[in-house]
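Engineer: Just the structure for this:
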Amino acid sequence: MRGRVLVITGTGTEVGKTVVTAAVAARALADGQRVAVLKPAQTGLPARAPGDAAETARLAGRLTVGELARYPDPLAPATAAERSGLPPVTPAETAKAAEELAEDHDLVLVEGAGGLLVRFDALGGTLADAATLLAAPVLVVVEARLGTLNLTALTAEALRARALPLAGLVIGRWPAAPDLAARCNLRDLPVVADAPLLGAVPDGAGALPPDTFQAASARWLAPALGGRLDPATLADSP
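Structural biologist: So this is what the prediction gives:
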């Protein structure tokens, strides 16, 4: 039986996509699922350095890692590919790789680079195009800070325009001392996205030892993602 594919994107760069991907993977592994993580395009790293997919495996545990292309410049994949002289990755290649992984895994997590509409290639292919080819739901990693509502609403609108299902939202860097904006955004984010808030991963969680990360991930994610968080309790933060 073919496994599920979940595409994970963010409202921008440095919002915590990799750590959220690792948390989702950790919960699936704890449930006994066979998990694969696919990073279509890794940018900003030399050839032998551990990438985002390897970091997910380090934090989450034993899983299959896939990476289709790597470019040294920390830029959007299309620009990084052009500058490096290497071929770009395409939505079709991404979808094919994810489908192949789904043949012998229960869950395949496809982590994008940057946001939903960052270009893969000169033809304008994006992660959204790969999700369309896969007919896969999309999980959006968002920020807690002031300004997140507009970025989240735009991402949700882009998904609706492509008839792509929005699985939900996860806050990628929930602060230890949330300010007024962050606390209010707990209520407002699901409204502007018309999608549930499914988790909040603490800022700095990626620095935890793997065994601590794996155990704690259940407290960060809602039952829909294999955890036990009630997102309503986040509003009780001081």
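
Engineer: And the strands in the protein?
Structural biologist: 4-10, 35-43, 64-71, 107-115, 138-142, 166-174, 197-202 (DSSP state E).

Engineer: Adding mean neighbour count, distance to R187 and mean pLDDT, write those strands out as TSV.
Structural biologist: (Each C-beta comes from the backbone N, C-alpha and C, glycine too.) Output for the strands of the chain, formatted as TSV (neighbours: other CB atoms under 10 Å; distance: least, CB to CB, whole Å; pLDDT from 0 to 100):
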stretch	mean neighbour count	distance to R187	mean pLDDT
strand 4-10	23	21	98
strand 35-43	25	31	96
strand 64-71	19	37	95
strand 107-115	26	23	95
strand 138-142	27	13	98
strand 166-174	24	12	97
strand 197-202	24	9	97
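
Engineer: Hmm, T18 is touching E111, no?
Structural biologist: Yes: here T18 reaches E111: they are 6.6 Å apart, a contact under CB atoms under 8 Å.

Engineer: Find the nearest non-adjacent residue to A92, please.
Structural biologist: Nearest residue to A92 in three dimensions, chain neighbours excluded: L133, at 6.6 Å (CB to CB, 6 or more residues apart in numbering).

Engineer: how much space between the one you found and H105?
Structural biologist: 18 Å (CB to CB, to the nearest Å).

Engineer: Ok, T212 next?
Structural biologist: Going from T212 to H105 by CB to CB gives 25 Å.

Engineer: Which one's more surrounded, those two?
Structural biologist: Neighbour count, other CB atoms under 10 Å: between T212 and H105, H105 has more, with 22 against 12.

Engineer: quick one, phi psi at the more buried one?
Structural biologist: As for H105, its main-chain torsions (degrees, to the nearest 10) stand at phi -130, psi 150.

Engineer: contacting residues around the nearest residue to R119 once chain neighbours are set aside?
Structural biologist: Distances taken as CB to CB, 6+ apart place A78 nearest to R119, at 3.9 Å, with adjacent residues excluded. Taking CB atoms under 8 Å, 6 or more residues apart in numbering, we find A78 in contact with 88, 118-122.
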